[in-house]
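J.: Sequence plus predicted model, see below.
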2 protein chains.
Amino acid sequence: MATIKDVARLANVSPSTVSRVLANSPRISEETKRRVRAALEQLNYHPNAFARGLVTNSTGAIGILIPPSAQEFFVNPFFAEWMAGVAEVARQRGVDTVLSTSSRGEIETLDHMIRGRRVDGVLLIGARKSDPVLHEVAKLRCPAVLLGRPADPSPISWVNNDNRRAAYDATVHLLNLGHRRIGFLGGASDLVVTIDRVAGYRQALLDHGVEPDPRLEVSSFFLEQGGYLGMMRLLAIPDRPSAVLCADDVLAFGGMRAAHELGFEVPGDLAIVGFNDIRLAELAHPALTSVRVHMHELGVRSAELLLEEIEQGKPLQRHVTVHHELVIRYSCGAKPIGTMTT
Amino acid sequence: MATIKDVARLANVSPSTVSRVLANSPRISEETKRRVRAALEQLNYHPNAFARGLVTNSTGAIGILIPPSAQEFFVNPFFAEWMAGVAEVARQRGVDTVLSTSSRGEIETLDHMIRGRRVDGVLLIGARKSDPVLHEVAKLRCPAVLLGRPADPSPISWVNNDNRRAAYDATVHLLNLGHRRIGFLGGASDLVVTIDRVAGYRQALLDHGVEPDPRLEVSSFFLEQGGYLGMMRLLAIPDRPSAVLCADDVLAFGGMRAAHELGFEVPGDLAIVGFNDIRLAELAHPALTSVRVHMHELGVRSAELLLEEIEQGKPLQRHVTVHHELVIRYSCGAKPIGTMTT
DNA sequence: CTGAAAGCGCTAACAA
DNA sequence: TTGTTAGCGCTTTCAG
């Protein structure tokens, strides 16, 4: 495999000159550049990323720290769309994206990537209450962007939706439709996203004079199966809800399956609202009313922010909130009149 | 950031001794190992991947060459599940996975990854007729595994389904249900997977005395929208098909949407069979009959094979075919009696 | 405008 | 069992 020395020899210059041509330094004559480029071409030279990285201390790659529950990550269209957004800006900016898939703990994996100099910065997905990963990131002082917001004060930059407000809006929609027994079906209860959405849901209830009932709040895991199980629990209680707000579309799908199996009509017997508005929401039967959170845009903004931090070489403590809107379809019994923007 | 020298100094040994401890060389005394490990711990040392890679010439990472149509890749649950399989074995074996997302051409990207020593081998997704990427891989003689099979003779290893047979089976199912006008809705026509599936479809027709009609074969792109458009075309022809085999579930979803919009009942007026059996197939309305190709297993086998090539340090020219079965649900009008295994 | 030389952090002979 | 040394391929002062 051709090295910079080979190119130098062929072009009759020194390795440093080749290096300068590679960096397109203005202090090299056009004539020389031409000659070097010809040699580059002829040998089909590609710089060794190791050697370069060793001296520049930069990798040209960003990392994604996959959560321990990799299943929930890969299988959920939310993340696929988010990743598509990330990949899109990575492509534009010519950086690689590396997936962290490690069997070690999250902290270890983070160290592996950052201290091991495999990536210039990391994207984190979803925080938990007093999340140790966030502490480690703070300690490392490395470029990092969190999808979601940290539960506790943290210097990290993040990209998020206003989940509290979004859940509030969705719940108000259900209240306006006349529902009073409204359930909440969420993901793991220590996830900040769950905390925020349940908070918005409760607030809406309170603001409309409905006392929140803890038995109506169930937390599960972000898989179709999780929705199925959660909905089964919700529908089993004596004074069952007439409407359920699901913190994820995949959860809502599972919930719908459970409802159908039990013989409930959606939306006739049970109104359902989802979250995220994945593409398939429209194709469900009935088409799912859902809170659109703009997953692709979340991905784009996450990556852009991270790349900016990397460029600046330091944490920026920037926060961006991506807008959301309620997309009304048929699963909640309302007449779909388009979207309600907030 | 602590280097190997810092550790050596702290442990009162030479850097090479530390290096040996890191590699767990048996020629180091337990006593020394203990001391070094304590130092490692204390400094929270993580080896610099660049420095190590520069000398060992190996990266501890595998690459995925994302196809030019990144959209179709990320958004299709098929790939998500496949990637989950890949990530699972990557995690087990402690290697990172890097996504290639480059705005250069595919060849350039491949060179960037392999010649640039960013990964030890690559996973390729889907081949086309006389695919230049396969030529480049052959030239590079690097570890590589193709998802799908090459159209032309090639030394590359691959993991695939028997797509011809699978499409044959699905078509026969439709024929047995009494259909004679059967359409085929596929992806890009120069994709080998499309070629194989259309071939199986035609063969089944021929074997049952039905003359294939070119107007009944339409090729589109692997997105819901592609299915919608393709189905619109199929249903517009005068002697329209009574059944359609779709080469992808997402395509089938789009097709179903088109059918509904035009007022056709599925399966009453139009039988539909999909391909891949993504999770949502079960949730569609009506639940989609589909050819299960075991995406996750395809991912696992792809990664395992690649890792083996990397270990051996050379192309193995191994071929693995993952089984498939037809999962009969409600979109084709048959009574769902479970799966037909082949 | 270009070259020589040092050094990034690590591993792997070769010595001891 | 351990240390010394050279060198992986590149960038970057510092000279010229």
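T.: That came in fine, so what should we check first? Residues are numbered from 1 along each chain as shown, chains lettered A, B, ... in the order given.
J.: Compute the number of surrounding residues for the residue lying closest to A:G121 once chain neighbours are set aside.
T.: Computed as Cβ to Cβ, 6 or more residues apart in numbering or on different chains, the closest residue to A:G121 that is not its neighbour in sequence is A:P143, at 3.2 Å. (Glycine included, C-beta is placed from N, CA and C.) Taking other Cβ atoms under 10 Å in any protein chain shown as the criterion, the count of residues near A:P143 is 27.
J.: ok, now how distant is A:P143 from chain B?
T.: When Cβ to the nearest Cβ, to the nearest Å is applied, the distance between A:P143 and chain B equals 15 Å.
J.: Is the closest residue to chain B within chain A in a helix, a strand, or coil?
T.: Nearest residue of chain A to chain B (Cβ to the nearest Cβ) works out as A:H285 at 3.2 Å. What DSSP: H, G, I helix; E, B strand; the rest coil gives for A:H285 is coil.
J.: Show the contacting residues for it.
T.: Contacts for A:H285 were tallied using Cβ atoms under 8 Å, 6 or more residues apart in numbering or on different chains; they are B:A284, B:H285.
J.: Looking at A:T341 now. What's its pLDDT?
T.: Per-residue confidence at A:T341 stands at 52 (pLDDT).
J.: Going along the chain, name the helices of the stretch 1-150 of chain A.
T.: Secondary structure of the stretch 1-150 of chain A (DSSP state H, counting those that start in this stretch): helices located at A:4-11, A:15-22, A:30-43, A:49-56, A:70-75, A:77-93, A:106-114, A:132-140.
J.: Buried residues, the first one. List them.
T.: By 16 or more other Cβ atoms under 10 Å in any protein chain shown, the buried positions in helix A:4-11 come out as A:I4, A:D6, A:V7, A:A8, A:L10, A:A11.
J.: Adding distance to B:S331, write these out as a markdown table.
T.: A markdown table is the format used below for the buried residues of helix A:4-11 (distance: Cβ to Cβ, whole Å):
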| residue | distance to B:S331 |
| --- | --- |
| A:I4 | 59 |
| A:D6 | 60 |
| A:V7 | 59 |
| A:A8 | 64 |
| A:L10 | 62 |
| A:A11 | 63 |
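J.: Pick the one among those closest to DNA strand C.
T.: Comparing those against DNA strand C with Cβ to the nearest atom of the strand picks out A:A8 as the nearest, at 7.4 Å.
J.: where does the stretch 201-342 of chain A have low pLDDT?
T.: Low-confidence regions of the stretch 201-342 of chain A, defined by pLDDT under 70, span residues A:335-342.
J.: And the residue of it closest to DNA strand C?
T.: Taking Cβ to the nearest atom of the strand, the stretch 201-342 of chain A has A:G313 as its residue nearest DNA strand C, at 16.1 Å.
J.: Quick one: residues contacting that residue.
T.: Taking Cβ under 8 Å, 6+ apart as the criterion, A:G313 is in contact with A:P143.
J.: go on, A:G183?
T.: Neighbouring residues of A:G183 by Cβ under 8 Å, 6+ apart: A:L216, A:E217, A:V218, A:L234, A:P241, A:A243, A:V244, A:L245.
J.: Find the nearest non-adjacent residue to the residue lying farthest from the centre of chain A, please.
T.: Among the C-alpha atoms of chain A, the one farthest from their average position, using Cα atoms, centre = their mean, is that of A:N12, at 50.0 Å. Residue nearest to A:N12 in three dimensions, not counting chain neighbours: A:R35, with 7.2 Å by Cβ to Cβ, 6+ apart.
J.: Alright, that wraps it up for me.
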